[in-house]
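*Asks:* Just to be clear, the model below is a prediction. Sequence and coordinates:
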Amino acid sequence: MKLLGIDTSTQTASVAIFENGNILGEMLLNTPLTHSQKLMPMVESLMAQLSLKIKDLDGYYVTTGPGSFTGVRIGVSTVKAFAQAHQKPIVTMSSTALLALGNLQHEGIIVSLLDAKRENVYGGIYRSDGTELETVYEGIATLAEVHQMLETDFSAERILIVGEATSIYPDFFDTMISMWNKNNYLFGKQRHNIINATSFCHLAFETAEHHTYLDITANYMKKSQAERDLK
């Protein structure tokens, strides 16, 4: 079974192709280019290098957000177009969960934080046993609210914090780290903070919930700036 995975929920665009759980190839670009400029060239280049065509694929993985409104929409729309044209199933996952899956080796609590602007984050809190994730929380919150949740509910556990928010709001984390138990809190290195489509390899396609192009929608978690400006 050959599968294509796509994530475009942040500035980074990532695509990967799998066969029977093995990664055949991947491409990742962390550039200011828009996803409309880079996604299809990445897919086409990777498929060409593997001597594959879209019709050869048996299904698709895609993140449905949260994250960049435009980026999420482009990734979801691209996969929906492929699925409609070839009548193949889709498996979806939140972008914060996929980021956590990329750090599955951590046993304990994994906190994925993506920037939602103005010291708000799209946050995911997951419990990992090293092989599977359990979703504890997903939503939009302030950094202070995330800190309160962690201190209230998980202060005795080993916590790994990953995601772009750790570098976007360094002053917050530098200030708050003095209030945390430093033995319990870990922060991901740069490569752990980037969402990578290769992490879909941890999600079994056959047993995951399948969708058609008709029933997947983006999960923005909040209204776009344009929608807010109309009020």
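*Replies:* Good, I have the coordinates.
*Asks:* Only C-alpha atoms from now on, for both contacts and neighbour counts.
*Replies:* OK.
*Asks:* residues in contact with the closest residue to His35 other than its chain neighbours?
*Replies:* Spatially, and ignoring its direct neighbours in sequence, His35 is nearest to Gly71 (6.0 Å; Cα to Cα, 6 or more residues apart in numbering). Taking Cα atoms under 8 Å, 6 or more residues apart in numbering, we find Gly71 in contact with 8-11, 34-35.
*Asks:* now those residues: which count as buried?
*Replies:* 8-11, 35 (16 or more other Cα atoms under 10 Å).
*Asks:* So which of these sit within helices?
*Replies:* Applying DSSP state H to these, the entries found in helices are His35.
*Asks:* Which of the buried ones among the contacts of Gly71 sits closest to Glu206?
*Replies:* Thr8 (23.3 Å; Cα to Cα).
*Asks:* Glu107: neighbouring residues, count only.
*Replies:* A count of neighbours around Glu107, defined by other Cα atoms under 10 Å, yields 18.
*Asks:* And the nearest residue to Pro66 once chain neighbours are set aside, what's its pLDDT?
*Replies:* Nearest non-adjacent residue to Pro66, counting by Cα to Cα, 6+ apart: Tyr220, 4.7 Å away. At Tyr220, the pLDDT value in this model is 91.
*Asks:* which SS class is Tyr220?
*Replies:* coil (DSSP: H, G, I helix; E, B strand; the rest coil).
*Asks:* any idea how this structure splits into domains?
*Replies:* Following automatic domain parsing, the chain resolves into domains at 2-95+196-229, 104-192.
*Asks:* can you tell me which of the ones you listed the model trusts least?
*Replies:* Across those, domain 104-192 gives the lowest mean pLDDT, at a mean of 89.
*Asks:* Next, the distance between the ends of it.
*Replies:* 10 Å (Cα to Cα, to the nearest Å).
*Asks:* do stretch 123-141 as well
*Replies:* Per Cα to Cα, the first residue of stretch 123-141 is 7 Å away from its last.
*Asks:* What values do phi and psi take at Leu133?
*Replies:* Backbone torsions of Leu133, given as degrees, to the nearest 10, read phi -110, psi 140.
*Asks:* I'd like to know how far the residue nearest to it when sequence neighbours are not counted sits from Ala48.
*Replies:* Of all residues not flanking Leu133 in the chain, Arg127 sits nearest, at 5.6 Å (Cα to Cα, 6+ apart). Distance, Arg127 to Ala48, by Cα to Cα: 38 Å.
*Asks:* Show me which of these two is the more surrounded one.
*Replies:* Using other Cα under 10 Å as the criterion, Arg127 and Ala48 rank with Arg127 on top: 20 against 11.
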